[in-house]
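Asker: Any chance you could fold what I've pasted below:
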Amino acid sequence: MVSFEQIEEYAERHTRELSALHPRLWQETHEKTDYPGMMVGPLEGALLRLLVRLTSAKRVLEIGMFTGYSALAMAEALPENGRLITCDVNVETTAIAKRYFATSPHGHKIEIKLGPARETLKALKGPFDLCFIDADKESYGDYYDRAVDLVRQGGLIVLDNMLRGGRVLSPRDQDARTVAALNDRIQKDQRVENVLLPIRDGVMLAYRR
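Answerer: Numbers count the residues shown, from 1 in each chain. Have a look, this model is predicted:
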């Protein structure tokens, strides 16, 4: 019997690699942070990079940066005059991200907004071409609603961790109930066309009509 881990490893081997900085960032994140599993990983990072290319994005919004793995992946696909605004509240992990952004040839495209994302989002003006949400799950509903307002018609909203390890199928804890309710709400939202992909912990794509 082939395991899911073996399938994911095979998929990674047959996916175009991210930048040379990404393995170094991966290792440092595992060495210096308490929850390195918060990184999207190479497979999802490559998916995000490709989505930026497919949408011809010039302006990207990220809610939840952690150590910058996904931001670096998406910035690779932005044009030279492209801009990625990323929000986070953690000073320590942001410091790691800043060092890698400074080293990357794409780092100048990234602007960090340090502080509570709810407050940052109130001050932002659209339109954005793509929004990636990967932050505190209790606020996912609010982040999604704001993203729908900020993303252009024909743009894309991407939400990570939408399966919660399968717990959304029979949610008992508050975290799983929150995400499951949002999955149901997005499914019924006539403003978007959506698909939920079983990649890593679940990636929801919502195309803004």
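
Asker: low pLDDT regions in the protein?
Answerer: When the per-residue scores of the chain are filtered using pLDDT under 70, no range remains.

Asker: what about the most centrally placed residue in it, which SS state?
Answerer: If you average the C-alpha coordinates of the chain and look for the closest C-alpha using C-alpha atoms, centre = their mean, you land on residue 132, 4.0 Å from that point. Taking DSSP: H, G, I helix; E, B strand; the rest coil as the rule, one finds residue 132 in the strand state.

Asker: need the contact list for it.
Answerer: Taking C-beta atoms under 8 Å, 6 or more residues apart in numbering as the definition of contact, the neighbours of residue 132 are 48, 60-64, 70, 74, 158-160. Placement of C-beta: from N, CA and C, glycine included.

Asker: ok, what's across the strand from it?
Answerer: Following DSSP bridges, residue 132 is listed with bridge partners residue 62, residue 158.

Asker: Against residue 7, how distant is it?
Answerer: From residue 132 over to residue 7 the distance is 24 Å, taken as C-beta to C-beta, to the nearest Å.

Asker: And for residue 169?
Answerer: When C-beta to C-beta is the yardstick, residue 169 and residue 7 sit 20 Å from each other.

Asker: Excluding chain neighbours, what is closest to residue 71?
Answerer: What sits nearest to residue 71 in space, not counting adjacent residues and going by C-beta to C-beta, 6 or more residues apart in numbering, is residue 86, at 4.8 Å.

Asker: Helix or strand: which one has that neighbour?
Answerer: Here residue 86, judged by DSSP states H and E, is contained in strand 83-88.

Asker: Let me know the next secondary structure element after that strand.
Answerer: Once the chain leaves strand 83-88, the next helix or strand it forms, by DSSP H and E, is helix 91-103.

Asker: Quick one: list the elements packing against that following helix.
Answerer: Secondary structure elements in contact with helix 91-103, counted by 3 or more C-beta pairs under 8 Å, 6 or more residues apart in numbering; DSSP states H and E, are helix 21-32, helix 69-77, strand 110-114.

Asker: which one of those lies closest to residue 99?
Answerer: Nearest to residue 99 among those is helix 21-32 (8.9 Å), distances taken as C-beta to C-beta.

Asker: that older thread, tell me which residues in the strand holding residue 86 are buried?
Answerer: Judged by neighbour count using 16 or more other C-beta atoms under 10 Å, the buried positions of strand 83-88 are 83-88.
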